[in-house]
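Undergrad: requesting a structural model of the entry that follows:
(one chain, ligands or ions: 2)
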Amino acid sequence: MARDPGRVLIFDTTLRDGEQSPGASLNLDEKLAIAQQLARLGVDIIEAGFPFASTGDFNAVQRIASIVGTEHGPTICGLARAAPGDIKACADAVAPAAHRRIHTFIATSDIHLEHKLRKTRADVLAITRDMVAYARSFVDDVEFSCEDAGRSDPAYMHEVIAAAIEAGATTINIPDTVGYATPAEFGELIAGINRAVPNIDQAVISVHGHNDLGLAVANFLEAVKHGARQLECTINGIGERAGNASLEELVMALHVRRSYFNPFLGRPADSAEPLTAVRTEEITKTSRLVSNLTGMAVQPNKAIVGANAFAHESGIHQDGVLKNRLTYEIIDARTVGLADNRISLGKLSGRSAFRARLEELGYRLERNDLDESFARFKELADRKREVSDRDLEAIVSEQVQQLQDEVPFVLKRVQVSCGTGLLPTATVTVETADGEASTASIGTGPVDAVCQALNALMDVPNELVEFSVKSVTEGIDAMGEVTIRLRSEGVLYSGHAANTDIVVAAAQAFVNALNRLVVGERRQPLHPQKAPLPLAETRAV
Ligand code: KIV
Ligand code: ZN
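TA: Residues are numbered from 1 along each chain as shown. Ligands and ions are numbered 1, 2, ... in the order given. Model prediction:
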């Protein structure tokens, strides 16, 4: 049986696989804010990125390693293809962390060997040995993944796994890269590894899986029953294509059904010891932060974190819930941090009350950012009598989004005129490195007029593919959160903003998306799985 850490380790890959979602790219400050929140959530390992992809990715992993990778903090991990350049970059990036891991991978399925890698099984076996040993020359904690394990010949994969462990891998990850497996098959894959790999007792078995058939969470839970002790997952299930297994669903399944899973971990069914180290009360806040910063909205009926997950609309349900919540509820909303939307602060609240509340909510801002957020709070409190925690979260997450080092465009002013019998007209002023410029445009509605005017000023070709508005809280004075997604040369870029004036929020979200587009086009990072492996380098260490 594989090495057993005594509980289920949660490996969060929101910042690596999650960031591979179309349009979800994050800047350095956003990644850091998410990593800090993941640490508060209590994940065991944060996969902070793919350092070889670009200087920006390297810097983000390094910064997270130095700020979040403290003695009592999570392990900070970076991804590296099985090639020396990738592994060296990864080792340098995670070096500042007290607990650091290199995660290296190579495909083991025949379809990937033949068409992607153009290598024989013997080549891949040799590369695995060499590259795992090379990674071990930098760190004690090395994870090895058999990419496309779900479609690999098990006998060959067992040989590769045994070689990786012999070369020093301490975690063996089994990815269902294309989301093809069913729960029984995936469970059997893990059971087979435990039966057939002679040195598997020296490594923790991990699973990673995509949700193409909507089965990722079910597959992982089956894997736990057969000895998997690390789950690779993302907040809100974001990730390549249909996404990854969702952290909140896995953690809450293991929490709510603890007595079912306990015996598979050798515990008495009624043991109250948690199966993961996650602080479930942080789940809702983490979900909102990731959704706001990636621009990836959470579907209302999403388990655990969807807007309807704890709503009881139908009369019969409400009647039952009022008599006894257990009639229709398996989770108390407070367990996932969904407290009643507390009224936090008002117009007369001062800076220190503001800062204290933000700290209670888990946000620690540097002086300048605090000043700007406080100014926004005051502006909001002037318009809205009571400012709730959700409002504060919206202000702060937008603030984090603004923190890019060099922002090409800054929105200065927006004015619209529209109404019955009028042509919707917008006048906008934007500041660039060349100074301020203004223009006016008409559109089919006020938001369209604003976007037309911004496009005319900024002259960055793009196609608007998504525009959504939702209110942050209830009530007529609520702030509106706008998410915009733009496409340019097949790549998606998102922008997000919140304001009591939704036209202003739309303008700011549009400018945020355009800034990402311009900065992102300069960046062009490598895709870890789709970029060709540097062939000449894979053996020469
Ligand atoms: O889906 C996958 O196979 C991956 C690996 C790099 C672990 O993301
Ligand atoms: Zn993946």
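Undergrad: tell me the domain ranges of this structure?
TA: 9-294, 351-401, 410-523 (automatic domain parsing).
Undergrad: which of those has the lowest mean pLDDT?
TA: Mean pLDDT per stretch puts domain 351-401 lowest among the domains of the chain, at a mean of 82.
Undergrad: for it, what is the distance to the chain centroid?
TA: Distance of domain 351-401 from its chain centroid, counting by Cα atoms, centre = their mean, to the nearest Å, is 23 Å.
Undergrad: can you check stretch 326-342 too?
TA: Distance, centroid of stretch 326-342 to centroid of chain: 23 Å (Cα atoms, centre = their mean).
Undergrad: and if you look at stretch 479-489?
TA: Distance, centroid of stretch 479-489 to centroid of chain: 18 Å (Cα atoms, centre = their mean).
Undergrad: returning to that earlier point: so which of the domains of the chain gets nearest Gly306?
TA: Each of the domains of the chain has some distance to Gly306 by Cβ to Cβ; the shortest is domain 9-294, at 9.2 Å. Every C-beta, even on glycine, is put in place using the N, C-alpha and C of the backbone.
Undergrad: how long is that closest one end to end?
TA: Start-to-end span of domain 9-294 (Cα to Cα, to the nearest Å) is 25 Å.
Undergrad: then stretch 469-478?
TA: 12 Å.
Undergrad: one more: stretch 472-482?
TA: 10 Å.
Undergrad: kindly compare burial across the domains of the chain and name the winner.
TA: domain 9-294 (a mean of 22; mean count of other Cβ atoms under 10 Å).
Undergrad: thought Val139 was touching Thr104, still the case?
TA: No. Using Cβ atoms under 8 Å, Thr104 makes no contact with Val139, being 10.8 Å away.
Undergrad: state the distance from the residue at minimal distance from the centre of the chain to Arg487.
TA: Most central in the chain under Cα atoms, centre = their mean is Thr14, positioned 2.8 Å from the mean C-alpha point. Distance of Thr14 to Arg487, computed by Cβ to Cβ, to the nearest Å: 23 Å.
Undergrad: near ligand 1, which residues of this protein? Just list them.
TA: If contact is defined as Cβ under 6 Å from any ligand atom, the residues of the chain in contact with ligand 1 are 17, 105, 145, 147, 173, 175, 177, 208, 210, 529.
Undergrad: residue at max distance from the center of this protein?
TA: Most remote from the centre of the chain, using Cα atoms, centre = their mean: Gly421, at 45.2 Å.
Undergrad: mind telling me what element that residue is part of?
TA: Following DSSP states H and E, one finds Gly421 outside all helices and strands.
Undergrad: what does it show for phi and psi?
TA: phi 80, psi 10 (degrees, to the nearest 10).
Undergrad: try Glu466
TA: Given degrees, to the nearest 10, the pair of backbone angles that Glu466 has is phi -150, psi 140.
Undergrad: that one touches Arg485, doesn't it?
TA: Yes. In terms of Cβ under 8 Å, Glu466 counts as a neighbour of Arg485; the distance is 3.8 Å.
Undergrad: show me where the stretch 201-350 of the chain has strands.
TA: Applying DSSP state E, counting those that start in this stretch to the stretch 201-350 of the chain gives strands spanning 204-209, 230-233, 343-346.
Undergrad: pLDDT of the last one, averaged?
TA: Going back to what we said before, that points to strand 343-346. 73.
Undergrad: following the chain onward from that strand, which element is next?
TA: Moving toward the C-terminus from strand 343-346, the next helix or strand (DSSP H and E) is helix 351-360.
Undergrad: who does the helix or strand following that next one touch, helix- and strand-wise?
TA: Note on helix 351-360: by DSSP H and E, the next helix or strand toward the C-terminus is helix 367-383. Under the contact criterion of 3 or more Cβ pairs under 8 Å, 6 or more residues apart in numbering; DSSP states H and E, helix 367-383 touches strand 343-346, helix 351-360, strand 386-388, helix 389-401.
Undergrad: go through these and name the closest to Pro183.
TA: helix 389-401 (35.4 Å).
Undergrad: turn the strands of the stretch 201-350 of the chain into JSON lines, including distance to Glu282.
TA: Shown next, in JSON lines, are those (distance: least, Cβ to Cβ, whole Å):
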{"stretch": "strand 204-209", "distance to Glu282": "22"}
{"stretch": "strand 230-233", "distance to Glu282": "15"}
{"stretch": "strand 343-346", "distance to Glu282": "18"}
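Undergrad: contacting residues around Ala135?
TA: 80, 87, 90-91, 102, 104, 142, 168 (Cβ atoms under 8 Å, 6 or more residues apart in numbering).
Undergrad: skipping adjacent residues, who's closest to the residue of the stretch 301-450 of the chain found nearest ligand 1 in space?
TA: Residue nearest to ligand 1 within the stretch 301-450 of the chain: Lys302 (21.2 Å; Cβ to the nearest ligand atom). For Lys302, ignoring the flanking residues on the chain, the nearest one in space by Cβ to Cβ, 6 or more residues apart in numbering is Ala309 at 6.7 Å.
Undergrad: for the one you found, what are its contacts?
TA: With Cβ under 8 Å, 6+ apart, Ala309 has these contacts: 301-303.
Undergrad: and it, backbone torsions?
TA: phi -60, psi -30.
Undergrad: buried members of the contacts of Ala309 into ChimeraX, please.
TA: The ChimeraX selection below is limited to those of the contacts of Ala309 classed as buried (16 or more other Cβ atoms under 10 Å):
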select :302
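Undergrad: now the contacts of Ala309 in CSV, with pLDDT?
TA: As requested, the contacts of Ala309 are exported to CSV (pLDDT from 0 to 100):
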residue, pLDDT
Asn301, 94
Lys302, 97
Ala303, 97
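Undergrad: now the residue lying closest to Gln230 once chain neighbours are set aside: how far from Ala437?
TA: Leaving out its chain neighbours, the residue that sits closest to Gln230 by Cβ to Cβ, 6+ apart is Ser206, at 3.6 Å. Ser206 sits 52 Å away from Ala437, going by Cβ to Cβ.
Undergrad: need the domains of the chain in CSV (columns: distance to Met1).
TA: As requested, the domains of the chain are exported to CSV (distance: least, Cβ to Cβ, whole Å):
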stretch, distance to Met1
domain 9-294, 5
domain 351-401, 38
domain 410-523, 43
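Undergrad: of all these, which one is nearest Asp319?
TA: domain 410-523 (22.3 Å).
Undergrad: and the angle for the longest helix anywhere in the chain with helix 389-401?
TA: Looking across the chain with DSSP state H, the single longest helix is helix 502-523. On the basis of axes from the mean of the first three to the mean of the last three Cα atoms, to 10 degrees, helix 502-523 is oriented at 30 degrees to helix 389-401.
Undergrad: the chain should start at 2 in everything you say after this.
TA: All set: I'll call the first residue 2, so the last point we hit is now helix 503-524.
Undergrad: run the chain-centre distance for helix 503-524.
TA: For helix 503-524 - counting by Cα atoms, centre = their mean - the centre lies 20 Å from the chain centre.
Undergrad: same check on stretch 448-461?
TA: With Cα atoms, centre = their mean, you get 30 Å for stretch 448-461.
Undergrad: next: stretch 408-416.
TA: For stretch 408-416, the distance to the chain centre is 28 Å (Cα atoms, centre = their mean).
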